[in-house]
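1. quick one: sequence and predicted model below, then my questions.
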Amino acid sequence: MTEQFAEVIAGCRVGDPQALRVFVVEFYGGMMRIARSRIGDEDRARDAVQSFFLMLLERQILSQFRGDRMAQLRKFLAVCIKRHIDSEMKNSASAREIGFEAEAESAYPSSEDEFERKNIRELMLQIDWRYRQV
């Protein structure tokens, strides 16, 4: 691993935004290839990679990396993203099973849902029209 990239890893460990940007640019393509091969769907793979990078930061997983070569880091990240995707797929399968029951219950909006929608509409109307554009 080059001295410059070692500095990037050190910066990522402390949350330096510039180092994080360099890190993501360097590894995004490889992580997308792994995600696409495991998931199959481009959009879901992109979501999985984004959530993977977020998880790396939140849980400070890079601090667990002890290697000193780029190949070791790539292998480390490959193992981590595979575990992350497997976990996400397992969680979404469980959510889908629960979701069918919840979907049947919410076929008709409750009075609370209607109240929420009305409040959201009123709040949206208070926002300047330029900021309401998607």
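-> That came in fine, so what should we check first? In this text the structure is predicted, and so the values were computed from the model without any measurement.

2. quick one: the residue sitting nearest the centre point of the chain and Ile9, what's the gap?
-> Residue closest to the average C-alpha location in the chain (CA atoms, centre = their mean): Ser51, at 1.2 Å. According to CB to CB, to the nearest Å, Ser51 stands 21 Å off from Ile9. Using the backbone N, CA and C atoms, a C-beta is placed for each residue, glycine as well.

3. next: Arg21.
-> Where Ile9 is concerned, Arg21 sits at a distance of 13 Å (CB to CB).

4. and what of Ser92?
-> Distance, Ser92 to Ile9, using CB to CB: 31 Å.

5. low pLDDT regions in the chain?
-> For the chain, residues meeting the criterion pLDDT under 70 lie at 1, 94-115, 128-134.

6. ok, back up a step: the residue nearest to the centre of the chain: what's it in contact with?
-> His84, Glu88 (CB atoms under 8 Å, 6 or more residues apart in numbering).

7. distance check, it against Leu57.
-> For Ser51, the distance to Leu57 - CB to CB - is 11 Å.

8. next: Arg46.
-> 17 Å.

9. check Leu73 too.
-> Leu73 is 16 Å from Leu57, by CB to CB.

10. between those two, which one's more packed in?
-> Set Leu73 next to Leu57 and count neighbours by other CB atoms under 10 Å: Leu73 wins out with 19 against 15.

11. picking that back up, which of Ser92 and Ile9 has more neighbours?
-> Comparing Ser92 with Ile9 by other CB under 10 Å, the one with more neighbours is Ile9, at 17 against 12.
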